[in-house]
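Chemist: Generate coordinates for the sequence data below:
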Amino acid sequence: MSASTPTPHSSEPQPQSQPPQEQQQPQQQEDPDPLPAHLNPSTYPRTTHNPTLNTHITLTYDPLDATAALQLVSSPQAGANVLFLGTTRDTFGARAVAQLSYTAYPPLALKTLSQIAEAAVHAHCLLGVAIAHRLGDVPIGESSIAIAVSAGHRGAAWRAGEEVLERCKERTEIWKREVFVDGGGEWRENRERDREGALVG
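Modeler: Predicted structure coming up:
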């Protein structure tokens, strides 16, 4: 019988299998001061629409589209379409203005603007009303509000357009801050007043 060859034993320690290590997921840093939803531009535009009365309301942080506003209210029965654009001017009194900044409480602002538009349709037999208001910073020369009115006759359209504008300034839950070139700014009601505090038409 042949002798069996002994199996050599190594004196070096054999590697032991290691348990799988869990990979640590990178921690996501939370925004320490997140914007409230009504101040977050990513939650806009916000709109409401009454198809029966053909009213269209928009709150947005984007530049306003006057052509789109007119298209919303255009009708084959219309004899007049009136468009108003309120723009940022470069002065208030003797102070140079850098820009205007608007903020709103959207649920109430949308409701109030809808009521204003619907009341105008009934009062002036309009074919449609569109109101778009820009929020956030509005530079010099750019529009903060667009009002489009459609009616069978120009008289009704003119009167309704001015009435809608005044009601928006008086009632809507939108606030304006004037930012000046020389620094600082002032919060003002949306209705225009001169330096002495008198209402400006």
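
Chemist: Please make it C-alpha for all contacts and neighbour counts, starting now.
Modeler: Noted.

Chemist: Sheet-wise, list the partners of the worst-scoring helix or strand of the chain on mean pLDDT with their directions.
Modeler: Least confident helix or strand of the chain, by mean pLDDT, DSSP states H and E, is strand 185-188 with a mean of 89. Sheet pairing of strand 185-188 (DSSP bridges) gives strand 174-180 (antiparallel).

Chemist: quick check: mean pLDDT across the partner strand?
Modeler: Here strand 174-180 scores 96 as its mean pLDDT.

Chemist: Can you report how many residues lie near the closest residue to residue 139 other than its chain neighbours?
Modeler: Distances taken as C-alpha to C-alpha, 6 or more residues apart in numbering put residue 99 closest to residue 139, at 4.6 Å, once the chain neighbours are dropped. Residue 99: 21 surrounding residues under other C-alpha atoms under 10 Å.

Chemist: isn't there a helix covering residue 99?
Modeler: No - going by DSSP: H, G, I helix; E, B strand; the rest coil, the assignment for residue 99 is strand, not a helix.

Chemist: could you pull out the strands for this protein?
Modeler: Ranges of strands within the chain are 46-50, 55-60, 80-87, 91-92, 95-104, 128-134, 136-139, 143-151, 174-180, 185-188, based on DSSP state E.

Chemist: As TSV, those with distance to residue 163 would be great.
Modeler: Shown next, in TSV, are the strands of the chain (distance: least, C-alpha to C-alpha, whole Å):
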stretch	distance to residue 163
strand 46-50	19
strand 55-60	15
strand 80-87	11
strand 91-92	24
strand 95-104	21
strand 128-134	12
strand 136-139	24
strand 143-151	11
strand 174-180	17
strand 185-188	21
